[in-house]
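Give the three-dimensional model of this entry:
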Amino acid sequence: MTVVERVRSSVAPLLADLGLEIYDIEHAGGVLRISVDKTGGVDLDSIALATRVVSRQLDHDDPIPGRYTLEVTSPGIERPLRTPEHFERAVGQVVNLRTHPEAEGDRRARGELLAVAADGITVRLEDGTERTIRFEDIERARTVFEWGPGASPAPPRPKRKAHSS
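Numbers count the residues shown, from 1 in each chain. This is a model prediction of the structure:
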């Protein structure tokens with residue numbers, strides 16, 4: 001059993017009790033990153049509680065040899081897509097992806113994720129064509145958040161009053 005599998009089996013039931021699901025677990029370079037999610041998204045209080053619960057459980061079970069840094073986070077608005085399940089959840093959304101250099105076609109693709117099959121995905125590219133890409137050819141992929149009309153990334157700044165002399 002891998003470190004990720006041991007961690008998942010150890011903490012998944014506890015996170016489920018908190019109303020959270022595991023989106024992803026990564027263990028690399030001395031960092032254990034657990035991304036959690038729930039319908040409607042997660043807030044800072046949920047992340048803080050999950051961090052305390054997971055940390056206590058991992059201290060008890062000790063599934064990772066050596067030292068590591070624990071990060072409990074949300075997958076964010078632009079979510080990384082690493083597993084077939086991630087892609088399935090993103091059907092109908094716009095995705096950006098990059099393929100490995102040896103894969104056929106352009107290395108970069110952006111478009112609506114139309115379908116997920118056992119061996120890959122189908123994307124409707126921005127030019128209207130469809131492209132099927134095997135999972136093994138995908139180097140990196142993530143969802144794209146597109147601002148709607150009139151939306152802005154920051155609230156408007158208050159207007160300053162002019163000082164009269």
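
Helices of this structure, residue ranges please.
Counting by DSSP state H, the chain has these helices, from start to end: 3-17, 44-61, 84-89.

From the chain's centre, how far out is the first one? Work that out for me.
Here helix 3-17 shows a centroid-to-chain-centroid distance of 17 Å under the convention CA atoms, centre = their mean, to the nearest Å.

pLDDT of that helix, averaged?
The predicted model gives helix 3-17 an average pLDDT of 94.

Look up how far A103 lies from the closest residue to E146 other than its chain neighbours.
Distance criterion CB to CB, 6 or more residues apart in numbering; nearest residue to E146, sequence neighbours excluded, is V94 at 6.1 Å. In short, each C-beta sits where N, CA and C put it, glycine included. Using CB to CB, to the nearest Å, V94 is found at 20 Å from A103.

show me where this protein has strands.
Using DSSP state E, the strands of the chain run over 21-28, 31-37, 69-73, 94-99, 108-116, 120-125, 130-134, 138-143.

Distance check, E146 against A117.
E146 is 25 Å from A117, by CB to CB.

Tabulate the strands of the chain (JSON lines), appending mean pLDDT, mean neighbour count and distance to R56.
Formatted as JSON lines, the strands of the chain follow (pLDDT from 0 to 100; neighbours: other CB atoms under 10 Å; distance: least, CB to CB, whole Å):
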{"stretch": "strand 21-28", "mean pLDDT": "93", "mean neighbour count": "16", "distance to R56": "17"}
{"stretch": "strand 31-37", "mean pLDDT": "95", "mean neighbour count": "19", "distance to R56": "14"}
{"stretch": "strand 69-73", "mean pLDDT": "95", "mean neighbour count": "15", "distance to R56": "11"}
{"stretch": "strand 94-99", "mean pLDDT": "96", "mean neighbour count": "19", "distance to R56": "36"}
{"stretch": "strand 108-116", "mean pLDDT": "95", "mean neighbour count": "16", "distance to R56": "36"}
{"stretch": "strand 120-125", "mean pLDDT": "96", "mean neighbour count": "18", "distance to R56": "38"}
{"stretch": "strand 130-134", "mean pLDDT": "95", "mean neighbour count": "15", "distance to R56": "41"}
{"stretch": "strand 138-143", "mean pLDDT": "95", "mean neighbour count": "18", "distance to R56": "31"}
